[in-house]
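# return atomic coordinates for the entry below.
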Amino acid sequence: MTRLLTWHDEWSLNIDVVDAEHRGLIEQLADICHRFGPEASPRRSGDAFALIDALTDLGEAVREHFKREEELMQTVGFDDLAEHCTEHALLMAEYTDQLRRWRAEGIHVFDEDAQENARDWILDHILGADRDFAKAFHAIEDQLSSPRRPHTVAAWSRLNAARKGL
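Predicted coordinates:
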């Protein structure tokens, strides 16, 4: 399963700072799958706690990514920011609920079903709503690059700030 959790170029949004974070989240999930998946070495005492800690860290990394992504969207004036923020909130609520279930179950092996659910949870958003943002981002970029369209210093400043990073 872990081989499916490597970054694929076709997932790229062509926004370097966002792609770098997405790649990092995929790598973090792949590491969890590698360390705690069914094919991992025999379990030691306390691995259930280590797995929950790793999954909690992943959730926090995603939460921080969402925050920076929303700041980027606000910087460039993304029209669907409120809707995207709502999706982020729902995704985090889903993850928090799943984490509670895993904690209650005392999960100690990150089996293929759990891996697939976590992968889909991240990728569905990247390949769905984040693609919509990328289209809007690149449209703004194209408008500002067009010699026929007047643009403001403020618009250029917002885009340059976005290019510098989340």
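# which secondary structure element is home to the residue nearest the centre of the chain?
Ranked by distance to the mean C-alpha position of the chain (CA atoms, centre = their mean), the top residue is residue 22 at 4.8 Å. Using DSSP states H and E, the secondary-structure element containing residue 22 is helix 16-36.
# so where's this protein uncertain?
Per-residue confidence for the chain (pLDDT under 70) gives these ranges: 1-4, 41-46, 144-166.
# could you pull out the buried residues of the lengthiest helix in it?
Determined from DSSP state H, the single longest helix within the chain is helix 47-76. Using 16 or more other CB atoms under 10 Å as the burial criterion, the residues of helix 47-76 that qualify are 47-48, 51-52, 54-55, 58-59, 62, 65-66, 69-70, 72-73, 75-76. In this view, the C-beta of every residue, glycine as well, is placed from N, C-alpha and C.
# show me what that helix is packed against.
In this structure, helix 47-76 packs against helix 16-36, helix 81-105, helix 112-127, helix 129-145, helix 153-164, with contacts taken as 3 or more CB pairs under 8 Å, 6 or more residues apart in numbering; DSSP states H and E.
# so the residue nearest to the centre of the chain sits against residue 14, correct?
No - assessed by CB atoms under 8 Å, residue 22 is found out of contact with residue 14, at 11.6 Å.
# how about the helices and strands packed on helix 47-76, which one is nearest residue 10?
helix 112-127 (9.1 Å; CB to CB).
# what comes into contact with that closest one?
Surrounding helix 112-127, the residues in contact under the criterion CB atoms under 8 Å, 6 or more residues apart in numbering are 1-2, 4-5, 11, 13, 22, 25-26, 29, 32-33, 37-38, 55, 58, 62, 87, 91, 94-95, 98, 102, 107.
# mind giving me the PyMOL select for those, buried ones only?
Selecting in PyMOL just the buried members of the contacts of helix 112-127, where the criterion is 16+ other CB under 10 Å, is done with this command:
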select buried, resi 1+2+5+13+22+25+26+29+32+33+37+55+58+62+87+91+95+98+102+107
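# residue 48: what's it in contact with?
By CB under 8 Å, 6+ apart, the residues touching residue 48 are 106, 107, 108.
# can you tell me how far residue 85 sits from residue 56?
Applying CB to CB, to the nearest Å, one obtains 22 Å for the distance of residue 85 from residue 56.
# repeat that for residue 114.
Taking CB to CB as the measure, residue 114 and residue 56 are separated by 14 Å.
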